[in-house]
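Undergrad: sequence? don't have it. structure:
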């Protein structure tokens, strides 16, 4: 559909929130906890943060929860009985305050969950999410969305994208999808018809730092490079980067049993962990951290474009901000681009 | 840190060590670990108040050990960690040289771990005032209030294990939480899984944790998990007269004295 542009007065945002709550909508929005901005169930508008560059965690766990019960099982006289989850129990959710890099990440995550097997639970959750994107008017040295095909006012992935027009201004609302249009119908009086142009001047400036096609081409010949070792010596091998990433999709399946009953849980996992690739024989094909760090970069910038025709990074910079050892993905990519093979 | 750079260069030029582990300028206002293997790269070494990552976490890593003899630029918490690691047979005089940075920012090179231990024992491990106040507050809570506090604090934990990775004492090749047949600790990061993981971590570190706060600093969600180990440290002080890492290896949790208090048995 063509993007419909409307004006939303700054005081109307709170009204919109209240009307959606009155319509029994579940709203997830960013709020502050322990000095970090993170998504959570928003009960009132006043608790929502708005001064953040980026939330410390991505919003991916609304579609891909860190622990997802995928089935339950029990043993009785007749044998085992297995029951899947009831998709009807998955609620409709409005994701409020998503940055464009996270909204773009939904497409990348979806390409993984629909590669060969179509993941029913993931797709059902996604079909019940309405994304309220909020453009960026600030950025920091970790942001690089423009190097990976995004921009601070990118509409991709959002159902409605709000852009603040100036420091204390009203909002431009771009109605991107039918799902966004359905929200407008709930409170049409708040979305005023208006001729707004020049959105770009209100957006953060994020410089292009590398060319991802060049990186991809380089990586094809870079597998055995010593650069991986020097880049990753300080990597501690935790999963912080993967868990805050909007596109990392690796998971582990765990059975939790209590007597004759139990559940199967899909839990986040990370290629940064040494046990991620450990075989039952004891052999580990990625025995050192440099091989794991290489996997992280190769997966996002070589394997995903090859197999899924999308890159696996939205330039949100979260992994670099979260890393306890200051592994900086932007810096690594620039050095890969600059190194001669 | 001119002295450190100069000494690092000498050590590498004379092949006295194969690698010097220190800090360099990182991204933004951060500092980060630097592994200097060539003398000319030693100029990147820095030291200032931002250098708080515990570098002792690297000395047990396979890739680092394989480099051969290492020198570590060690602040007091790093020195303490290295003594504890030596008592657990993870480092020794043949593979480690300590370039100590004193609390007054002076460089002091230790010929051996015994000398390092003597230096380390001049300083008591003291819980800082701010955290002491929080511990007191927690102590005064009712059991249900304390339960609510910890459920609330631990609920965001997604088990990235950055706390474990950043801790020098968490060097096990296979951690209890990585076992899933049988599961000792629930793997999912739900309420019970998070509680059991953090309690187990604190218990495993009692009498070994040197209170460097690496776990808290590493947590991407800033969960105050260091309060658990601080509480164990405070209890160790109250019941056993405190804790100092020592080469003798008389660890608090694995030794017994006939006059130990038994008032915890009800």
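TA: Looks like it came in fine. Everything quoted here is computed from the prediction, not taken from an experiment.

Undergrad: please enumerate the helices of the stretch 1-150 of chain A.
TA: Along the stretch 1-150 of chain A, counting by DSSP state H, counting those that start in this stretch, helices occupy A:12-22, A:100-113, A:120-127.

Undergrad: quick check: mean pLDDT across the last one?
TA: When the per-residue pLDDT values of helix A:120-127 are averaged, the result is 96.

Undergrad: same check, this time on stretch B:187-197
TA: 96.

Undergrad: so how far is it off the chain centroid?
TA: Chain-centre distance of stretch B:187-197: 23 Å, with C-alpha atoms, centre = their mean, to the nearest Å.

Undergrad: what's next to that stretch, contact-wise?
TA: With contacts defined as C-beta atoms under 8 Å, 6 or more residues apart in numbering or on different chains, stretch B:187-197 is touched by A:66-67, A:252, A:254, A:256, A:265, A:267-268, B:150-151, B:154-155, B:157-159, B:177, B:180, B:185-186. C-beta here means a position set from N, CA and C on the backbone, and glycine is covered the same way.

Undergrad: tell me which of those residues fall in helices.
TA: Mapping those onto helices (DSSP state H) picks out B:150-151, B:154.

Undergrad: could you dump these to TSV with pLDDT, neighbour count and distance to residue B:66?
TA: Shown next, in TSV, are these (pLDDT from 0 to 100; neighbours: other C-beta atoms under 10 Å in any protein chain shown; distance: C-beta to C-beta, whole Å):
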residue	pLDDT	neighbour count	distance to residue B:66
B:150	97	17	40
B:151	96	12	43
B:154	96	20	36
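
Undergrad: other SSEs contacting the longest strand seen in chain A?
TA: Looking across chain A with DSSP state E, the single longest strand is strand A:67-76. Where contact means 3 or more C-beta pairs under 8 Å, 6 or more residues apart in numbering or on different chains; DSSP states H and E, strand A:67-76 is packed against strand A:79-84, strand A:261-268.

Undergrad: domains of chain B?
TA: B:2-120, B:129-240 (automatic domain parsing).

Undergrad: dump those to JSON lines, plus distance to residue A:54.
TA: Shown next, in JSON lines, are the domains of chain B (distance: least, C-beta to C-beta, whole Å):
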{"stretch": "domain B:2-120", "distance to residue A:54": "14"}
{"stretch": "domain B:129-240", "distance to residue A:54": "12"}
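
Undergrad: just checking, residue B:65 touches residue B:95?
TA: Yes: the pair residue B:65 / residue B:95 is scored as a contact, 7.3 Å apart, by C-beta atoms under 8 Å.

Undergrad: contact residues of the stretch 51-200 of chain B facing chain A?
TA: Proximity of the stretch 51-200 of chain B to chain A, by C-beta under 8 Å from any C-beta of the partner chain, involves residues B:53, B:57-58, B:61-64, B:153, B:156, B:158-162, B:164-166, B:174, B:178, B:180, B:183, B:186-190, B:193.

Undergrad: just the buried ones out of those, please.
TA: B:53, B:57-58, B:61, B:63-64, B:153, B:156, B:158-162, B:164-166, B:178, B:183, B:186-190, B:193 (16 or more other C-beta atoms under 10 Å in any protein chain shown).

Undergrad: restricted to strands, list those.
TA: Among these, no member falls in strands (DSSP E).

Undergrad: residue contacts, residue 74?
TA: Looking at chain A here, since you left the chain open. When contacts are counted by C-beta under 8 Å, 6+ apart, residue A:74 touches A:80-81, A:260-262.

Undergrad: chain B, not that one
TA: So residue B:74 contacts B:55-56, B:82, B:98-101 (C-beta under 8 Å, 6+ apart).

Undergrad: any chance of those residues in a markdown table, plus pLDDT?
TA: A markdown table is the format used below for the contacts of residue B:74 (pLDDT from 0 to 100):
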| residue | pLDDT |
| --- | --- |
| B:55 | 98 |
| B:56 | 98 |
| B:82 | 98 |
| B:98 | 98 |
| B:99 | 97 |
| B:100 | 97 |
| B:101 | 96 |
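
Undergrad: just the buried residues from the residues you listed, in ChimeraX please.
TA: Buried members of the contacts of residue B:74, defined by 16+ other C-beta under 10 Å, are picked up in ChimeraX with:
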select /B:55,56,82,98,99,100,101
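
Undergrad: ok, now which ones touch residue 20?
TA: Going with chain A. For residue A:20, the contacting residues are A:27, A:94, A:183, A:186-187, by C-beta under 8 Å, 6+ apart.

Undergrad: correction: the question concerned chain B.
TA: Residue B:20 makes contact with B:8, B:11-12, B:35-36, B:42, B:45, B:70-73, B:99, according to C-beta under 8 Å, 6+ apart.

Undergrad: any chance of a markdown table for those, columns distance to residue B:208 and secondary structure?
TA: Output for the contacts of residue B:20, formatted as a markdown table (distance: C-beta to C-beta, whole Å; DSSP: H, G, I helix; E, B strand; the rest coil):
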| residue | distance to residue B:208 | secondary structure |
| --- | --- | --- |
| B:8 | 29 | helix |
| B:11 | 29 | helix |
| B:12 | 32 | helix |
| B:35 | 25 | strand |
| B:36 | 29 | strand |
| B:42 | 32 | helix |
| B:45 | 29 | coil |
| B:70 | 21 | strand |
| B:71 | 24 | strand |
| B:72 | 19 | strand |
| B:73 | 22 | strand |
| B:99 | 23 | strand |
